[in-house]
Structure formats: structure tokens, C-alpha cells
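Participant: Provided below for reference: sequence and predicted model.
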Amino acid sequence: MTLVIGDVFTHAHIGLTATISAVIALGVGIWRFQGKRRWLEALVVAVLVGGTVYLWRASANMPQLNNDGIPGFSANDWLAPVVTFVVLSVYADLVPPVNQRRFAQVRAAATIAAFAVNVITI
């Protein structure tokens, strides 16, 4: 299966990138969140991370944004984690987390993971 067609990526490749980002976010969430709702909170964060990475990369999957402006880094590599951070921040404003500090740690780690995974896998 071809994962790159010209200067754009297949939806399978984008889906793999989003899934890896979500799994990392899930792991960090399970590790950092506490209490009875730990798994639920971690799962919600993972779904949001995977969703934002997939939707951003799929909707912005064009040569102008996929080509590396700086060797090894495209505009999409930089923007996918920004969208992830914004979506997680809006979620935290709408559904305030039990522990703001731990949520901020998970959000930061998920943002860093989204950046790293986008750079490494795409």
C-alpha cells in the first residue's frame, strides 16, 4: 500500500499518525489522571487528540502544507499540535477537569506527542 501519493498522504497514513498520537495521549492520561474517572478522562483526551490530528492532517493534506519549509518540518507538522492544544483547552473550559494541574500536564504531553509523531511518521 502506498502511503504517499505525490506530495499528499493517504488517509491510511494520516489515520496511523492520528492513532499513534491518541495511544500516546491515552497512556499519559492514564498515568497522570487520578481517581475513579481516570480511564474515562484519558479516553476522552485520546479521542480528542486522535480526532484533531486526523481531521487537521486530512483537511490540510495539500502539497503547499506538506512540503518541508525547514528541512524535516512542514507547516502541517507545526500546526497539527497547535490544533490539538486548542481543542484540549476548549474542552477543559467546557468540562472543567477535576485537577487542573494534571490536565495541563496531560495536555502539554499530548501536544508534544502530536508534534513528535507528526514529524516522525509523516
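Facilitator: Yep, that arrived.

Participant: mind checking the SS state of the residue lying farthest from the centre of the chain?
Facilitator: Most distant residue from the mean C-alpha position of the chain: residue 36, 24.8 Å away (Cα atoms, centre = their mean). Of the three states, residue 36 takes coil under DSSP: H, G, I helix; E, B strand; the rest coil.

Participant: for it, give me phi and psi.
Facilitator: phi -60, psi -30 (degrees, to the nearest 10).

Participant: how about residue 68?
Facilitator: Dihedral pair for residue 68: phi -80, psi 110, per degrees, to the nearest 10.

Participant: and for residue 97?
Facilitator: phi -70, psi 160.

Participant: which residues does it contact?
Facilitator: Residues in contact with residue 97 (Cβ atoms under 8 Å, 6 or more residues apart in numbering) are 41, 103. Glycine gets a C-beta too; all of them are placed from N, C-alpha and C.

Participant: and it, how far is that from residue 38?
Facilitator: As defined by Cβ to Cβ, to the nearest Å, residue 97 lies at a distance of 11 Å from residue 38.

Participant: equivalent analysis for residue 11, please.
Facilitator: Look at residue 11 and residue 38: by Cβ to Cβ, they are 32 Å apart.

Participant: now do residue 109
Facilitator: Taken as Cβ to Cβ, the span from residue 109 to residue 38 is 15 Å.

Participant: cool, and residue 8?
Facilitator: 38 Å.

Participant: can you pull the contacts of residue 55?
Facilitator: Contacts for residue 55 (Cβ under 8 Å, 6+ apart) come out as residue 83.

Participant: pLDDT value on it, please?
Facilitator: On pLDDT, residue 55 comes in at 97.

Participant: again, but for the one 10 residues further on
Facilitator: The predicted structure scores residue 65 at 84 on the pLDDT scale.

Participant: now the element after the helix or strand encompassing it, going C-ward?
Facilitator: Secondary structure assignment for residue 65, by DSSP states H and E: helix 63-66. Sequence order places strand 68-70 as the next helix or strand after helix 63-66, per DSSP H and E.
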